[in-house]
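Colleague: build me a model:
(2 chains)
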2 protein chains.
Amino acid sequence: MAASEYSLRRALVEKQSSIESQGNAVRALKASNAVKADVDEAIEKLNALKLEKSSIEKQLQAAVSGNPDGSVNKEAFRQAVVNTLERRLFFIPSFKIYRGVAGLYDYGPPGCAVKSNVLAFWRQHFVLEENMLEVDCPCVTPEVVLKASGHVDKFTDLMVKDEKTGTCYRADHLLKDFCNEKIQKDLSISAEKAAELKHVLAVLDDLSAEELGAKIKEYGITAPDTKNPLSDPYPFNLMFQTSIGPSGLSPGYMRPETAQGIFVNFKDLYYYNGNKLPFAAAQIGQAFRNEISPRQGLLRVREFTLAEIEHFVDPEDKSHPKYSEVADLEFLMFPREQQVSGQSAKKIRLGEAVSKGIVNNETLGYFIGRVYLFLTCLGIDKDRLRFRQHLANEMAHYAADCWDAEIESSYGWIECVGIADRSAYDLRAHTDKSGVPLVAHEKFSEPKEVEKLVIAPVKKELGLSFKGNQKKVVEALEAMNEKEALDMKSSLETKGEVEFYVCTLGENVTIKKSMVSISKEKKKEHQRTFTPSVIEPSFGIGRIIYCLYEHSFYMRSSKAGDEQQNVFRFPPLVAPIKCTVFPLVQNQQYEDVAKIISKSLTAAGISHKIDITGTSIGKRYARTDELGVPFAITVDSTSSVTIRERDSKDQIRVNVEEAASVVKSVTDGHTTWADAWANFPHHASGSVED
Amino acid sequence: MAASEYSLRRALVEKQSSIESQGNAVRALKASNAVKADVDEAIEKLNALKLEKSSIEKQLQAAVSGNPDGSVNKEAFRQAVVNTLERRLFFIPSFKIYRGVAGLYDYGPPGCAVKSNVLAFWRQHFVLEENMLEVDCPCVTPEVVLKASGHVDKFTDLMVKDEKTGTCYRADHLLKDFCNEKIQKDLSISAEKAAELKHVLAVLDDLSAEELGAKIKEYGITAPDTKNPLSDPYPFNLMFQTSIGPSGLSPGYMRPETAQGIFVNFKDLYYYNGNKLPFAAAQIGQAFRNEISPRQGLLRVREFTLAEIEHFVDPEDKSHPKYSEVADLEFLMFPREQQVSGQSAKKIRLGEAVSKGIVNNETLGYFIGRVYLFLTCLGIDKDRLRFRQHLANEMAHYAADCWDAEIESSYGWIECVGIADRSAYDLRAHTDKSGVPLVAHEKFSEPKEVEKLVIAPVKKELGLSFKGNQKKVVEALEAMNEKEALDMKSSLETKGEVEFYVCTLGENVTIKKSMVSISKEKKKEHQRTFTPSVIEPSFGIGRIIYCLYEHSFYMRSSKAGDEQQNVFRFPPLVAPIKCTVFPLVQNQQYEDVAKIISKSLTAAGISHKIDITGTSIGKRYARTDELGVPFAITVDSTSSVTIRERDSKDQIRVNVEEAASVVKSVTDGHTTWADAWANFPHHASGSVED
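Modeller: As a prediction, this is how the structure comes out:
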């Protein structure tokens, strides 16, 4: 808890007690028929204390919400954005006429255009630029694949049920809501209680089903809608289950991520790449998670588009040839150490983070840099973008390092891209389950002499001693690392036997010298065989797009000052429509010119729209600003037209024949609006905007 | 049955009987100890007859397979294409390391690139060109939506089970296989039997479960793998079922088509379009069909990409403003009449087909023309593309007209695009189920006086007579068309009562004059409210791509003539990689030049690959031809390079600085290879190709 919050809570408790005693004082004076002036004075003092208390409450509210104005503005802002998005069909709650389904949204026409622009840029920026091998695998996935990946057993959230109605809730959400509610709204709680609740929030993700259940009981949390008692928490698998084929005997799931489709193809892709490392494969596609009770609107949905990269690399050489191209980038990073010590994210040069070992390796660093460039090119505000390193307890045990690109939105900092060094975990899991070795080879230029540890359990002896447990003991012996094996070897040589813990049995067994031979042998090897490490940047496309909406949205007064107009400041790269064409007034000549310009825009591949309604030009500009259209061509003569830029509202005058090529050049990024502004006569907008 | 086939069968029967009598003659001669010369002569005659029989069999085989060389070459050709596709990772059987899942395929790197090129061109050709409203809806769909569309009840195939093993088969496939097998391979069957089997094949799609079951019994068809008896046919729903949310109470399905997502959004899209008709919405996305036992490789799969257009139009005005742009196209059409009368598809001018009423309306004709342009631009051979009209029994009862773009492949003519006028069916179905009117309005410039039929059942009277059936009688009365109602009115006026058939009761009831009032009233109307018709072009992207592979594939001899090389003649538009860059020999200087060219190609957005292996240039060309790469730049000096075109193998010489822009200009279609050939010096390939 921040110092200011602590002292505010103390001040509040003191103020409350002053108010109570002053209240008693007033009552006492009244009861004793004191003179009116004295009573009035005491009442005045009481009112002053109440005012002071209310001021402290406001400060406390601001302190806990982390926002100087409290959290009210954030929600009002979000509402304004979401209203605009929904009204202009950027998105539509799916199956709306049937009252919709929680967590499912359609992209309407402008949203769909933004999405395809983002995906096209992703392909250009990653797949084409890095010569990645793009694949496209089905969503329907047989159980065996997701069993190997661990999803069948572990891809769960803890759920509680309303014991009377059966309504389901996420257990951690209920506890989180309870804690936040208490901290933010119940100002009577003590500083100690607040600290405890904050601690619960901090460790929420690490709580077991039993611990969560205990907290829910302790705090007396009930079903939010009915206040009924809740069941104990139990795991619910988040995959949509189905059945493949007509027999009903082949369970399948809708994939929860696209990555597994790449891993199972590793062997073919490695061959396709000429049996050379490193290489990357990529996939864009739908993924599905049957969320228990989706909240946070467009940020937590049941079906979404992922774009994933699996970069396969020799674990002994994680350098990257193009690393120097991003090493000088500097942006907000939030390493583990800063998080633990309560500091905030700070600007670090990427090269420094890698050389100091904050980022585990060059390839991971390279992708962090490329993701930064990708997001900022789309229009994400670099000051509301940070790369946060996973804490040790957040990271899977096999991961070498993991960073999330987090974007700040009205919901807080949102994980939009995960960039993880997953080591050899996934390929090994599929090797084990399928029996097909997913490995790479490094041919030596000349054979190398290597010393290899050889552990040879003597199965007959082990069988005699351990009977049915023999297999588990053998496996445990074979799984020893070099140090363990050499320790055992020397113990056996000195003592003849040794205690050995077999974790699959959960107990110690006695290993005798006759049961295992451990030696180091020299061998000539012509190649090295290894499981590649994989570095995985994984993009939640829908989340990126939603944050982009928030970062691009602003309001400005109409020229007359009588209303607030909404604008999305999308860069041309992502704008759903690049240009609108308006005949200034309804008139055949102007409409003909508009059609000529429209044809040249189509030929140039510039998406655009003609608006021939008779509405005032100002209203038409406002409409187009709300869709984030960067340029508007207004036809006000048959020889030349004006081009207006959305954010500056500046206008230039160009010949009809040039209009399409000027817009194309600026939207393609070959020139800028500043160039156009310098090269063409300016047009005073006069009174047309309103 | 074609005339030639009939006479061949007769000839075969006669020849067989001649062989039998001649055999008897030989045996009789031998038995009677005739002179050797006579016996030899008789044997010679017998052998000649056998030879003649074998020749007739070959002709018959060719006649029934519809291929002058029999069906062998088709399969060999297909095998060559599929081998190349699989070896070069155009596609990969999904989850191969786990032995795969029937009907699921991955697109590997070149296949994925072809797919995204096809989809990008689809967006350009349809969405951008026509200003369509593109949307993107989830695959997970709640039951109510697919109940309304009819999929829950009717999207089934008839299935039979092996009664011992439980293996499932499509009933119609088994019957079809049996008939084809008999007709093609069992040459002993009579012409009458062959005609019967052909009739079964012709009516296969119309057979009920009972009829199919009867045929299977009659022909003694058993399970193909075990010869076990089969169950009776029963319907199996082809949708993948799942459950939405954790309660298990909300059934959902993976959508079997993308169209429903558009229909349920009609109201919002109509509003987005300024409440104006016509307009089109479009969607690209995955669709799912849990096929009983998928066959035909890449053509019948369980998950596939659809691209669908729903063009909404006033049913009273199906003209199209851009129709004249396609009216002069001439291509193979196969109208209903030609099919029924046993003729074949013929070239018809589209404008003629529409004006003669062969194609129902201009908008349908416009899309047929646009689809023709789309497919031929991709590289589909126009002589193996036909537009086939649905026969009356193929078409849904509500459809006004329906044409399939069929592409000829080694599997025969394959439906790749369906273009249907579905009338108002879908919007009405969702209006009924959701209660939200999915309608359009036409405002009259001045109010119109209309005469309207008013049917007013007198519910009280009806209730007294029909009790619990009252509702059904009321509905039947209200559903009468104008003629029926006026007939009833006059009968009631003359006779006082009338017999009336209520189909939901399945019986006649007696309606008395007091039970219903029928009148025509004059009303002033300010607008017309109607359910729009929808014209739906629906593209099976995977099928189009597979046919494109077959149409693009050819083999040619290597220069040395010692081997056959595979080539895909993809146009640059769809080629997975536009260009390869080869340093002629391994050498730092050439590799540096190759890198410079690669950078300019990346900047120009041209997908390409550098190949710096030391393999002979001929082998490298062959490798790139097999991927369908149209251009190869070979670096054989530091100042200029050669560019080779794939199909002609012609080479030109250009300066290093120009190389990227020459390739870009030809691949973008701004110039042609012929232009480049005319403008640059030619390079004699010499002996480098091998």
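
Colleague: all the strands of the stretch 51-200 of chain A, residue numbers only.
Modeller: Applying DSSP state E, counting those that start in this stretch to the stretch 51-200 of chain A gives strands spanning A:91-93, A:105-107, A:133-134, A:140-142, A:156-161, A:168-170.

Colleague: so which of those strands comes closest to residue A:16?
Modeller: Closest to residue A:16 of the strands of the stretch 51-200 of chain A, according to C-beta to C-beta: strand A:168-170, at 33.9 Å. Backbone N, C-alpha and C define where each C-beta goes, glycine included.

Colleague: which other helices and strands contact that closest one?
Modeller: Secondary-structure packing of strand A:168-170 (3 or more C-beta pairs under 8 Å, 6 or more residues apart in numbering or on different chains; DSSP states H and E): strand A:156-161.

Colleague: note down every partner strand of the strand it packs on and its orientation.
Modeller: Strand A:156-161 pairs in its sheet with strand A:168-170 (antiparallel), strand A:234-237 (antiparallel), by DSSP bridges.

Colleague: now, of these, which is deepest in the fold?
Modeller: For those, average neighbour numbers computed from mean count of other C-beta atoms under 10 Å in any protein chain shown are highest in strand A:168-170, which has a mean of 21.

Colleague: related to what we said a few turns ago, of all the strands of the stretch 51-200 of chain A, which lies closest to residue B:323?
Modeller: With C-beta to C-beta, the closest approach to residue B:323 among those belongs to strand A:105-107: 30.6 Å.

Colleague: low-confidence bits of the stretch 451-600 of chain A, can you list those?
Modeller: Judged against pLDDT under 70, the stretch 451-600 of chain A has no low-scoring part.

Colleague: figure out which of the strands of the stretch 51-200 of chain A is closest to residue B:247.
Modeller: Residue B:247 lies closest to strand A:168-170 among the strands of the stretch 51-200 of chain A, at 5.9 Å (C-beta to C-beta).

Colleague: any residues touching that closest one, and which ones?
Modeller: A:157-162, A:223-224, A:230, A:236, A:292-293, B:245-247 (C-beta atoms under 8 Å, 6 or more residues apart in numbering or on different chains).

Colleague: quick one: end-to-end length of stretch A:634-647, please.
Modeller: End-to-end distance for stretch A:634-647: 16 Å, by C-alpha to C-alpha, to the nearest Å.

Colleague: I'd like to know which elements the biggest strand by length in chain A is packed against.
Modeller: When chain A is parsed with DSSP state E, its longest strand is strand A:440-457. The contact analysis (3+ C-beta pairs under 8 Å, 6+ apart) places strand A:440-457 against helix A:470-478, helix A:482-495, strand A:516-530.

Colleague: could you list the buried residues of the shortest one?
Modeller: Which is helix A:470-478. Burial within helix A:470-478, assessed by neighbour count using 16 or more other C-beta atoms under 10 Å in any protein chain shown, is assigned to A:470, A:473-474, A:476-477.

Colleague: kindly report the same for the second one.
Modeller: Using 16+ other C-beta under 10 Å as the burial criterion, the residues of helix A:482-495 that qualify are A:485, A:488-489, A:491-492.

Colleague: and which of the residues you listed is nearest chain B?
Modeller: residue A:485 (31.3 Å; C-beta to the nearest C-beta).

Colleague: was I right to think that closest one contacts residue A:455?
Modeller: Yes - using C-beta atoms under 8 Å, residue A:485 is in contact with residue A:455, at 5.6 Å.

Colleague: shared neighbours, the two?
Modeller: residue A:518.

Colleague: that older thread, possible to save the buried residues of helix A:482-495 as TSV with distance to residue A:23?
Modeller: Formatted as TSV, these follow (distance: C-beta to C-beta, whole Å):
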residue	distance to residue A:23
A:485	77
A:488	77
A:489	81
A:491	78
A:492	82
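
Colleague: could you check the angle the longest strand of chain A makes with helix A:470-478?
Modeller: Relative orientation of strand A:440-457 and helix A:470-478, computed by axes from the mean of the first three to the mean of the last three C-alpha atoms, to 10 degrees: 120 degrees.

Colleague: chain B contacts on the stretch 501-650 of chain A?
Modeller: By C-beta under 8 Å from any C-beta of the partner chain, the residues of the stretch 501-650 of chain A that approach chain B are A:602, A:605, A:607, A:609, A:613.

Colleague: how does it look with 10 Å?
Modeller: Taking C-beta under 10 Å from any C-beta of the partner chain as the criterion, the stretch 501-650 of chain A approaches chain B at residues A:576-577, A:598, A:601-602, A:605-611, A:613.

Colleague: from these, which land in strands?
Modeller: Among these, DSSP E puts A:608-610 in strands.

Colleague: with pLDDT and neighbour count added, can I get the residues you listed in JSON lines?
Modeller: Formatted as JSON lines, those follow (pLDDT from 0 to 100; neighbours: other C-beta atoms under 10 Å in any protein chain shown):
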{"residue": "A:608", "pLDDT": "92", "neighbour count": "23"}
{"residue": "A:609", "pLDDT": "91", "neighbour count": "17"}
{"residue": "A:610", "pLDDT": "90", "neighbour count": "18"}
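
Colleague: return the member of the residues you listed nearest to chain B.
Modeller: For these, the residue nearest chain B by C-beta to the nearest C-beta is residue A:609; the value is 6.8 Å.

Colleague: contacts for stretch A:468-486, please.
Modeller: Stretch A:468-486 is contacted by residues A:452-466, A:487-488, A:500-505, A:507, A:509, A:511, A:515-516, A:518-520 when judged by C-beta atoms under 10 Å, 6 or more residues apart in numbering or on different chains.

Colleague: one more time with 7 Å, if that's ok
Modeller: Residues from elsewhere that reach stretch A:468-486 (C-beta atoms under 7 Å, 6 or more residues apart in numbering or on different chains): A:453, A:455, A:457, A:459, A:462-463, A:466, A:488, A:502-505, A:509, A:516, A:518.

Colleague: ditto for stretch A:42-55
Modeller: Contact with stretch A:42-55 is made by A:12, A:15-16, A:18-19, A:22-23, A:25-26, A:29, as judged by C-beta under 7 Å, 6+ apart.

Colleague: report the buried members of those.
Modeller: A:12, A:15, A:18-19, A:22, A:26, A:29.

Colleague: closest one of the residues you listed to residue A:149?
Modeller: The closest of the buried ones among the contacts of stretch A:42-55 to residue A:149 turns out to be residue A:12 (C-beta to C-beta; 50.7 Å).

Colleague: how much space separates residue A:99 from chain B?
Modeller: Per C-beta to the nearest C-beta, to the nearest Å, residue A:99 is found 9 Å from chain B.

Colleague: just the pLDDT for that residue.
Modeller: pLDDT, residue A:99: 91.

Colleague: so residue A:633 makes contact with residue A:659?
Modeller: Yes - in this structure, residue A:633 is within contact of residue A:659 by C-beta atoms under 7 Å, at 5.4 Å.
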